[in-house]
Structures are given as C-alpha cells and as structure tokens.
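> curious how this folds, go ahead:
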Amino acid sequence: MTNVVDYAGEHRFWSQTEAVTVHASRTLPQGAESLALHVAIAKRDSARYSAPVVGGTGLAATQETWWLPVGLLAGYEPRRDDAIEDAAGVRYRIDSARLVRIGASASHWDCECTVERRASDA
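From the prediction side, this is the model:
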C-alpha cells in the first residue's frame, strides 16, 4: 500500500504571511473581464535582484517573489501582467508565474514580480 501525502493545504503552516488582492484582466469571447481576488494568505519571498540606474546608484526596478496558494485562488491561474497588491497599496506586476508541486499536490504559484507602483506614488 502506498501512502500519498497531500500538501495542498501547506500554506496554513507558512510564517510571515499577509493578505493581498490579485488584479487580472482577461479578454473573453463575450468581452473583457476584470478580476479582483482577495487572497487571505500570501507569502512574500525575498527580493531576488535590483538593477542599478545608469549613471547613479539608485534602484531602477526591484524584483519581488510572491507565493499564492493554489487552494485559495478559486481556479485562478496567475499570468504575466496580472498584478498583486499588498495591504499598503504597493502593486507588483507579475512577470512570470510557475506552479510549484510538492509530491502529487499543487502547492502554490511562485510569482516573480516587478514593483509597478508604490503606495507613495498613488
């Protein structure tokens, strides 16, 4: 007998999570549709890299990684150019999204993002 462990709910054990809102637009045969999906548990991973500004030492763009649990997304699959907005109003544009599986379970989406708008820019 083979025991299969289900990791689909492993997001309940993540530490340092926060609530976010995912914004998406899709073009459907009946017209455009906008989505604003509240996700109660999301995890911000560390920034992967920053690019220097030409002729200076500032940051041109900051990469940030967000983990979005599959089980909390109601069938939504993140795509390029969708956005994740944190509670402070900072908006992150999704550059790429990869489904992470643990064993046979779909655990979460690993979304590489670029800061699109900071709360102070609003």
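
> can you tell me the strand partners of the helix or strand hosting Val20 and which way each runs?
Assigned by DSSP states H and E, Val20 belongs to strand 17-28. Using DSSP bridges, strand 17-28 pairs in its sheet with strand 31-45 (antiparallel), strand 83-86 (antiparallel).

> average pLDDT for stretch 78-98?
Stretch 78-98 shows a mean pLDDT of 94.

> show me which residues of that stretch are buried.
The neighbour-count check on stretch 78-98 (16 or more other C-beta atoms under 10 Å) flags 78, 82-86, 90-94, 97 as buried. Glycine gets a C-beta too; all of them are placed from N, C-alpha and C.

> so which of the residues you listed is the closest to Ala36?
Looking at the buried residues of stretch 78-98 and their distance to Ala36, the nearest is Glu85, at 8.8 Å (C-beta to C-beta).

> how far away is that closest one from Thr21?
Going from Glu85 to Thr21 by C-beta to C-beta, to the nearest Å gives 5 Å.

> try Leu72
12 Å.

> what do these two both touch?
Residues touching both Leu72 and Thr21 by C-beta atoms under 8 Å, 6 or more residues apart in numbering: Val39.

> if you rank every helix and strand of the chain by mean pLDDT, what lands last?
Lowest on mean pLDDT, DSSP states H and E among the helices and strands of the chain sits strand 50-52, with a mean of 53.

> so, low pLDDT: which residues of the protein?
Along the chain, the model assigns pLDDT under 70 to residues 1-5, 27-32, 46-61, 118-122.
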